[in-house]
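J.: Below are the sequence and a predicted model; questions follow.
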Amino acid sequence: MQGEFKILLHSKNWRFMLVDIEKLLEQKSKEIDSIIEKWVPKSYDNKTLESMFGKARYSYSANAANKALSEPIWDLLSRGGKRWRPALMMLICEALGGDPAKHKDWVAIPELVHNGTLMVDDVEDGSELRRGKPCVHKTYGVDIAVNAGNAMYYLPLQVMLQSNLPADVLLKAHQIYTQEMINISLGQGMDIAWHKGIADADSISEQEYLQMCAYKTGTLARMAAKLGALLANASDDTIEKMGEFAEAVGVGFQIQDDVLNLTATSGKNHFTKDYIGEDIHEGKRTLIVIHALSKASPADKARLLEILKMHTWDRALIDEAIEMMKKYGAIDYARKRSQEIVQSAWQKAEQLMQKGTAKDTLKAFVEFMVLRQY
């Protein structure tokens, strides 16, 4: 990755001034997509179907495979996305002394799983847009979206099935994958239970929210990091610690995403003007909401909860809720908390990494995750 970025040390604290981290992610996304296409073709034919699903006992329908899997999957993938989880995986591999070029196919695992969760998440939330376009279930139907989303949890495991790595390494990789997939189900379940108001949604603690984030958004970052460390032949202890670090990055990323959902004005942001405050429409209990509720007067608390339970798209009501959260400093608190979580995690993890370009890039990278404006 040498020559692909520039970083300048800021004089005040841990922060780095970033120049080309955004460009780096854009460049890497093209490479990542080409790798993903190797495992999920943009168009199936009988040859690719046999190579991935085995020889047909009767006869495959390539047309059905394309309409049910390839087209909806690539409809979502082609819309972009930061591809930061696979980038994180390879940076960690390199920072621990590994050679990411030898294991590049593994980036398909966290990225495909992530997009699979988005596709299913949109169905669960009844969302209208994803990355500025109609959600997959709006275009192809709920049945196609659920099946294709679930398929993305398993299609990248072909990387493991066709790997020539030692059996003990592959076993460990499968254990990492399995545990994180178990965890993500709980994280998503907690989030759904809260924004549907069926599980003490009015009295969630900050610690409970952070645990939800650790298992919803943090878990795929943790999976990526652990796999990257494993591919670098790191010790079990280092693998776990790098997973904890990446989990914190994921939590910080989620909190910043929640902030941007209420504040973003950049043309790059996937939140259009009409969709600023979508989390309020969904009734989500973000860290911003939790902090505001903990500080609000009884009347303001009751009103904020009332708006959240309406699941409204009324612009005036959404703006009223946003202004109430600003009144109690909740958005600024969330920004600060996000940065504190990631800074603390970095200070622990950096001791495990080798000095060099990969480590420096990784530090700039994680700052970008929590300071980005889109």
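T.: Perfect, I can see it now. Residues are numbered from 1 along each chain as shown.
J.: From now on I want contacts and neighbour counts done on CA atoms only, so please keep to that.
T.: Noted.
J.: By mean pLDDT, flag the weakest helix or strand of the protein.
T.: In the chain, the helix or strand scored least confidently by mean pLDDT, DSSP states H and E is strand 7-9, which has a mean of 37.
J.: Surely residue 21 and residue 367 touch.
T.: No. Contact between residue 21 and residue 367 fails when scored by CA atoms under 8 Å: they sit 9.8 Å apart.
J.: And these two? Which one has more around it.
T.: More crowded of residue 21 and residue 367, by other CA atoms under 10 Å: residue 367, with 24 against 21.
J.: and that one, what element?
T.: Using DSSP states H and E, residue 367 sits in helix 357-371.
J.: Does the residue lying farthest from the centre of the chain belong to a helix, a strand or coil?
T.: No residue in the chain sits farther from the centre than residue 58, which is 39.0 Å out by CA atoms, centre = their mean. Following DSSP: H, G, I helix; E, B strand; the rest coil, residue 58 is assigned to coil.
J.: Residue 318 too?
T.: Strictly by three-state DSSP, residue 318 counts as helix.
J.: Show the contacting residues for residue 137.
T.: 119, 122-123, 143-146 (CA atoms under 8 Å, 6 or more residues apart in numbering).
J.: Please narrow those to those residing in helices.
T.: 119, 122-123, 143-146 (DSSP state H).
J.: Burial check on the nearest residue to residue 255 once chain neighbours are set aside, number of neighbours?
T.: Among residues not flanking residue 255 along the chain, residue 338 sits closest, at 6.0 Å (CA to CA, 6 or more residues apart in numbering). Neighbour count of residue 338, defined by other CA under 10 Å: 24.
J.: what pLDDT does residue 338 get?
T.: If you check residue 338, the pLDDT there is 93.
J.: Can I get the helix or strand harbouring it as PDB, trimmed to CA atoms?
T.: Residue 338 belongs to helix 330-349 when elements are defined using DSSP H and E. As requested, the backbone C-alpha atoms of helix 330-349 are provided in PDB (Å, rounded to 0.1, in the frame of the first residue of the first chain):
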ATOM      1  CA  ALA A 330     -26.700  14.600  22.600                       C
ATOM      2  CA  ILE A 331     -25.200  14.800  19.100                       C
ATOM      3  CA  ASP A 332     -22.000  16.400  20.400                       C
ATOM      4  CA  TYR A 333     -21.800  13.800  23.200                       C
ATOM      5  CA  ALA A 334     -22.100  11.000  20.700                       C
ATOM      6  CA  ARG A 335     -19.400  12.400  18.500                       C
ATOM      7  CA  LYS A 336     -17.100  12.700  21.500                       C
ATOM      8  CA  ARG A 337     -17.900   9.200  22.800                       C
ATOM      9  CA  SER A 338     -17.200   7.600  19.400                       C
ATOM     10  CA  GLN A 339     -13.800   9.200  19.300                       C
ATOM     11  CA  GLU A 340     -13.000   8.200  22.900                       C
ATOM     12  CA  ILE A 341     -13.900   4.600  22.200                       C
ATOM     13  CA  VAL A 342     -11.700   4.300  19.100                       C
ATOM     14  CA  GLN A 343      -8.800   6.200  20.600                       C
ATOM     15  CA  SER A 344      -8.700   4.000  23.700                       C
ATOM     16  CA  ALA A 345      -8.800   0.800  21.500                       C
ATOM     17  CA  TRP A 346      -6.000   2.100  19.300                       C
ATOM     18  CA  GLN A 347      -3.700   2.800  22.200                       C
ATOM     19  CA  LYS A 348      -4.000  -0.900  23.300                       C
ATOM     20  CA  ALA A 349      -3.700  -2.400  19.800                       C
END
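J.: Compute the inter-axis angle for that helix and helix 357-371.
T.: Counting by axes from the mean of the first three to the mean of the last three CA atoms, to 10 degrees, helix 330-349 points 160 degrees away from the direction of helix 357-371.
J.: Could you pull out the buried residues of helix 330-349?
T.: Residues 330-331, 333-335, 337-339, 341-343, 345-346, 349 are the ones in helix 330-349 that count as buried (16 or more other CA atoms under 10 Å).
J.: For these, could you give me CSV that also reports distance to residue 193?
T.: What follows is the buried residues of helix 330-349, written out as CSV (distance: CA to CA, whole Å):
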residue, distance to residue 193
330, 22
331, 23
333, 24
334, 22
335, 25
337, 24
338, 23
339, 27
341, 25
342, 27
343, 30
345, 29
346, 32
349, 33
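J.: Neighbours of residue 182, how many?
T.: For residue 182, the tally of surrounding residues (other CA under 10 Å) stands at 12.
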